[in-house]
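**Q** Pasting the sequence and the predicted model now:
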Amino acid sequence: MTSWKLGAVMKSARAGVAADTSPYSSIMGSPAGSVGGATGAALRCPRPLPQAGTDQSEMHQLKTFLHNKFKIKDLGKLHYFLGLEVLYMADGVIISQMKFVLELLKEYDCLEYSTLTSPLDPNVKLRAKRDVPLTYPTYYRKLVGKLNFLTNTRLDIAFSVQHLSQFMQDPREPHLKAAFHMLRYLKTDPTLGVFLPSDTDWSIKAYCDSD
């Protein structure tokens, strides 16, 4: 990912100089003369191009420039991108992966399972090289990999997924059972996600789940 001053990117493009030749890249920065340090960003990839910024006029300028250069089509507000769902509220946006969670539950036949209230069983201590090795360890690795992707919006499982990742090299039966325990926890509320407020309150907020 390469950062550029937007003005420099435009100047380079007008001069016929390629700013970046990699298939995945982004441009971000504060255009010269912007008011209040407004910033804009655009991600380039083989899929639709998302853009975000703090000033509508600057974003319009960026889209106009890109359209004149590459003939882009404005698809409107971002609602779904790379597995992330965006829901717009009056006071901010909610980013979730509900569709991904439901597909995950279906893939591993957990839609009919009962729900659980914790990501892992607090009474079970997972250990390495104990119990029966899995016949197909790739099955476990694939599941944990999908759970790891889910931590983009499900911070409540981040620690537990990191714990399960410690057994990727030699997974055993209890490790797979713990991973399915987490799937049943996710089934409790697949709609959970991250809320990004639109206000300018930068105060630090913390959450502690004490004993």
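**A** Right, received. Where do you want to start? What you are looking at is a predicted structure, and each value in this text was computed from that prediction instead of being measured.

**Q** And the residue most central in space within the chain, how far from R127?
**A** When Cα atoms, centre = their mean is applied to the chain, the residue found nearest the centroid is N152 (3.7 Å). Look at N152 and R127: by Cβ to Cβ, to the nearest Å, they are 29 Å apart. The way it works is simple: take the backbone N, C-alpha and C, and place the C-beta from them, glycine included.

**Q** just for the protein, where's the confidence low?
**A** Residue ranges of the chain with pLDDT under 70: 1-56, 74-75, 207-211.

**Q** What segments of this structure are helices?
**A** Using DSSP state H, the helices of the chain run over 6-14, 56-70, 98-107, 137-150, 158-165, 173-186.

**Q** E58 versus L134, what's the distance?
**A** For L134, the distance to E58 - Cβ to Cβ - is 53 Å.

**Q** nope, S198 is what I meant
**A** 17 Å.

**Q** Sort out which residues of stretch 72-89 are buried, please.
**A** Within stretch 72-89, the residues scored as buried using 16 or more other Cβ atoms under 10 Å are 72, 78, 84-86.

**Q** which other residues reach it?
**A** Contact with stretch 72-89 is made by 47-50, 63, 66-67, 93-100, 149, 152-153, 193, 195, as judged by Cβ atoms under 8 Å, 6 or more residues apart in numbering.

**Q** gap between that stretch and the chain center?
**A** 13 Å (Cα atoms, centre = their mean, to the nearest Å).

**Q** what about that stretch, how long is it end to end?
**A** 27 Å (Cα to Cα, to the nearest Å).

**Q** now stretch 78-98
**A** First-to-last residue span, stretch 78-98, Cα to Cα: 16 Å.

**Q** List the residues that contact the residue nearest to L176 when sequence neighbours are not counted.
**A** Using Cβ to Cβ, 6 or more residues apart in numbering and skipping residues adjacent in sequence, the residue nearest L176 is Y140, 5.1 Å away. The contact partners of Y140, by Cβ under 8 Å, 6+ apart, come to 134, 167-168, 171, 175-176, 179.

**Q** do you know how far Y140 is from T151?
**A** 17 Å.

**Q** and if you look at K71?
**A** For K71, the distance to T151 - Cβ to Cβ - is 37 Å.

**Q** Look at the two and report which has more neighbours.
**A** More neighbours surround T151 than the other of K71 and T151, with 16 against 7 (other Cβ atoms under 10 Å).

**Q** L105 contacts T115, correct?
**A** No: L105 is not in contact with T115 according to Cβ atoms under 8 Å; the separation is 10.7 Å.

**Q** domains in the chain, as residue ranges please.
**A** 6-76, 96-186 (automatic domain parsing).
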